[in-house]
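Engineer: Everything below, folded, please.
(one chain, ligands or ions: 1)
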Amino acid sequence: MPMDPSQWIDVVEDKFKYQLDHFVIPGHYSEDVESILIPHGLIMDRISKLAQLITSEYDNERVVVCCVLKGGHQFFSDLVNYMKKALNKQGKTLPITLDFIRVKSYENDKSSGQVHISMTDKELQELRGKNLLLVEDIIDTGKTMKKLLETLGRR
Ligand SMILES: O=P(O)(O)OC[C@H]1O[C@H](OP(=O)(O)OP(=O)(O)O)[C@H](O)[C@@H]1O
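Structural biologist: Numbers count the residues shown, from 1 in each chain. You can find the predicted model right below:
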């Protein structure tokens, strides 16, 4: 059942600003990071819950879990691991196939407005008729996801 938006975890910068002293920060980030908005543990707990919700939607159907590279790789890896754990707990078998699409629209920190999808027509064809779960890390302007859905819709 969809959650009431008033119950969402809303990360507001002024409200959630944890001091760096509370965490172990890799040295190479220390010059650039001022505070922590979302602690790693909270992210992992949410991914675990998301994995539970996703797996409970499927019943023995083959699913292609597709990572949108490069940014999506860490979230994808964590999500797939938690999906496997959730399936074990639910005593379910879900044949999962992993796939990868390289999509790029940003040059440094600016959206270039051009979305480049690295996938051949043959690769797109292979996804035809399959249950596809796209795993992306960020939606900012939404251009990347829009183009990706349009491209996949034409397969
Ligand atoms: O909603 P949008 O404004 O389109 O932005 C979101 C996209 O931008 C980033 O990718 P990027 O183009 O930086 O490529 P990368 O993942 O290889 O770094 C991010 O990983 C998303 O794919």
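
Engineer: what about stretch 131-150, average pLDDT?
Structural biologist: Stretch 131-150 shows a mean pLDDT of 92 in the predicted model.

Engineer: mind listing what's buried in it?
Structural biologist: Buried positions in stretch 131-150, judged by neighbour count with 16 or more other Cβ atoms under 10 Å: 133-136, 143-145, 147-148. For the C-beta atoms, the positions are set from N, CA and C on the backbone; glycine is no exception.

Engineer: for those, which one is nearest residue 95?
Structural biologist: Nearest to residue 95 out of the buried residues of stretch 131-150 is residue 133 (Cβ to Cβ; 12.8 Å).

Engineer: separation between residue 38 and residue 96?
Structural biologist: 27 Å (Cβ to Cβ, to the nearest Å).

Engineer: if you count what's nearby, which of these two comes out ahead?
Structural biologist: residue 96 (17 against 12; other Cβ atoms under 10 Å).

Engineer: And that one, how close does it get to the ligand?
Structural biologist: 22 Å (Cβ to the nearest ligand atom, to the nearest Å).

Engineer: what sits against that residue?
Structural biologist: 62-65, 80, 83-84 (Cβ atoms under 8 Å, 6 or more residues apart in numbering).
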